[in-house]
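Engineer: Kindly return the folded structure for what I paste below:
(chains A and B)
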Amino acid sequence: MSVIEINHLTKYYGKERGIIDINFDVEEKEIFGFIGPNGAGKSTTLRTLLGLIYPTSGSAKLFGKDCIKYGPELKREIGYLPSEVFYYDKMKVIDLLNYSASFYKKDCSKRIKDLAGIMDLNLNKKIDDLSFGNKKKVGIVQGLLHEPKLIILDEPTSGLDPLMQQRFFELLQEENRKGATILFSSHILGEVQRMCDRVAIIKEGKIIQLDKISALQESNYKKIKVQTSGSLDQNYFNIRGVSNLEVKQHIVSFLFRGNINSIMKKISETDIANLWVEEPDLEEIFLHFYEKES
Amino acid sequence: MNMFLHELKAYKKFTAIWIITLVGLVVLFLSMFPTISREAEEFKRIMQGFPESIRLALGLSVENIGSILGYYSYIFLYISLFGAIQAMIIGVSILSKEVRQKTADFLLTKPVTRSQIVTAKLLAALSSLVITNIAYLGAATVMASLVETKEYSTRLFLLLSMTLFFLQLIFLALGMIVSVLVPKIKSVLSISLGIVFAFFILGALISTTRDHALRYLTPFKYFDFAYIIQHSSYESSFIAAAIGFIAIAITASYIIYSKRDIHAV
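Structural biologist: Model prediction:
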């Protein structure tokens, strides 16, 4: 069963583009990644699903029901974490969480304690006094405390330190094992690759690629920069899978796609002074998609 | 119910401050009454020296400044100004607060309809006003009985005092419709004060014209104290206008708010 079905969803803010003709489904118990640069329309899509904004045309169904018409009823089963969390400053964390829990007809007090324990969150502080990362934790607990069947997260990891990101992902995976479907947006490819079964890539309001992570990983790009000790033949690294090759004196940089072993062998055969291997950022991945289109 | 209680709690301090302000005002004004009534003749002479238009604008009817009801009619103009400010602030706050505090995402992703949210907030605001008025009525009635030694109609005194509540209802509804029509309100205080003072000054100007129809333009002129004292009742045409305005403004607020896009911050 599809938990989320999005059909030709389009949103214009006046004349300004939000999203154009978005179509995708998210299956039950799937972890679905939604990735794209800032302003691409990730938040617009998620906010439409939540009924915060209304579509210009097209529709979306959650659990088989229209997300606008049955919004209030559907939200009982949805947990949402906005990209920027702001809460009633004067309240204590525990009061806010209890207020949040009061909207759902179940006792969440034990769950609040458990989640706060996992996320290392002090419940007795005032929200005003919390750092950005800690506010984010409040958001996480707030979004998960009613054990929702659908978890929607808008750039959930920004502001969390690596340890907390790790715990948070474990938490999500646990929820997923228990049966929750997860849709989350991000502009960090690594975390999407780590977590998701499938991913949709959005750019300028349109979905440009929708694929299984495994398929994307085959097109796994690495950004490699090598500093050699001696001078090197201009075309030494010009092998299959290498693109954007640039040679500046002793520094060679390029994008590599393919079997990582082949390039490592190539590198090991030269005398290198320094080496950088990075995940290419999204822009570079998108460049790749543009190249394919043209 | 949870939202209503949350909102009510959020207005606790606000309500307390306004109770202190309004009660303080009426106590201060009424405590000056014995002096003024003793010197009433003197006072009248001074007042008669003023041009008539100024007297009208200030709401001074010279003849009965010596009686508690006459004096009260005069000072009430200023009490109603403060009351209107309170109601306007709370009205503007209701729907703009979540946007300004950026908590709209929190509330609107909960399993409630937007109408339920508006209702809870409106009822909480209304409760704040009702509590304020109960405190005000109590203080004003006690104070009046302390300062006035002669007989006077308590019923009329209450009838006059209750206009504070009705005036506040009008400004509450006005504030609400303003908050849904103006997309991003940065400062509730400045917009509230601006609008209330505009109506207040308009009221003063209209007083000088004696044009009956113009009184519909500002809520400050809906309750004519001379009429109320004379007839022991409110003017039904203005009551109808007030009810009509409140009904339209609140219904429109519900509709506009329910259809509005809640933008990310």
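
Engineer: shaky segments in chain A?
Structural biologist: Chain A contains residues with pLDDT under 70 at A:214-220, A:280-294.

Engineer: near chain B, which residues of it?
Structural biologist: Chain A comes close to chain B at residues A:13, A:43, A:47, A:50-54, A:71-76, A:78, A:80, A:82-84, A:86-89, A:99-100, A:102-104, A:142, as judged by Cβ under 8 Å from any Cβ of the partner chain. To be clear about C-beta, it is placed using only N, CA and C from the backbone, and glycine gets the same treatment.

Engineer: Contact partners for B:Met88?
Structural biologist: B:171-172, B:174-175, B:192-193, B:195-196 (Cβ atoms under 8 Å, 6 or more residues apart in numbering or on different chains).

Engineer: Of those, which pair is most distant in space?
Structural biologist: The largest separation in the contacts of B:Met88, counting by Cβ to Cβ, is between B:Leu172 and B:Leu193 at 15.5 Å.

Engineer: quick one: the strands in chain B?
Structural biologist: Using DSSP state E, chain B contains no strands.

Engineer: Regarding the closest residue to A:Phe103 other than its chain neighbours, what are the backbone dihedral angles?
Structural biologist: Nearest residue to A:Phe103, sequence neighbours excluded (Cβ to Cβ, 6 or more residues apart in numbering or on different chains): B:Lys110, at 4.2 Å. When quoted as degrees, to the nearest 10, the phi and psi of B:Lys110 stand at phi -90, psi 160.

Engineer: does A:Leu153 sit in a helix, a strand or a coil?
Structural biologist: Per DSSP: H, G, I helix; E, B strand; the rest coil, the secondary structure class of A:Leu153 is strand.

Engineer: so it makes contact with A:Leu81?
Structural biologist: Yes - counting by Cβ atoms under 8 Å, A:Leu153 touches A:Leu81, with 4.6 Å between them.

Engineer: JSON lines for the contacts of B:Met88, including pLDDT and distance to A:Ile201?
Structural biologist: Formatted as JSON lines, these follow (pLDDT from 0 to 100; distance: Cβ to Cβ, whole Å):
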{"residue": "B:Phe171", "pLDDT": "97", "distance to A:Ile201": "51"}
{"residue": "B:Leu172", "pLDDT": "97", "distance to A:Ile201": "49"}
{"residue": "B:Leu174", "pLDDT": "96", "distance to A:Ile201": "48"}
{"residue": "B:Gly175", "pLDDT": "95", "distance to A:Ile201": "45"}
{"residue": "B:Ser192", "pLDDT": "93", "distance to A:Ile201": "47"}
{"residue": "B:Leu193", "pLDDT": "93", "distance to A:Ile201": "50"}
{"residue": "B:Ile195", "pLDDT": "93", "distance to A:Ile201": "48"}
{"residue": "B:Val196", "pLDDT": "94", "distance to A:Ile201": "52"}
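
Engineer: Now, these that are in helices?
Structural biologist: B:171-172, B:174-175, B:192-193, B:195-196 (DSSP state H).

Engineer: since we're on B:Ser236, how many residues are nearby?
Structural biologist: Per other Cβ atoms under 10 Å in any protein chain shown, the neighbour tally for B:Ser236 reads 8.

Engineer: Would you mind listing what in the stretch 1-150 of chain B touches chain A?
Structural biologist: B:2, B:6, B:10, B:101-106, B:108-113, B:116.

Engineer: switch the cut-off to 6 Å
Structural biologist: B:2, B:6, B:102-103, B:105, B:108-113 (Cβ under 6 Å from any Cβ of the partner chain).
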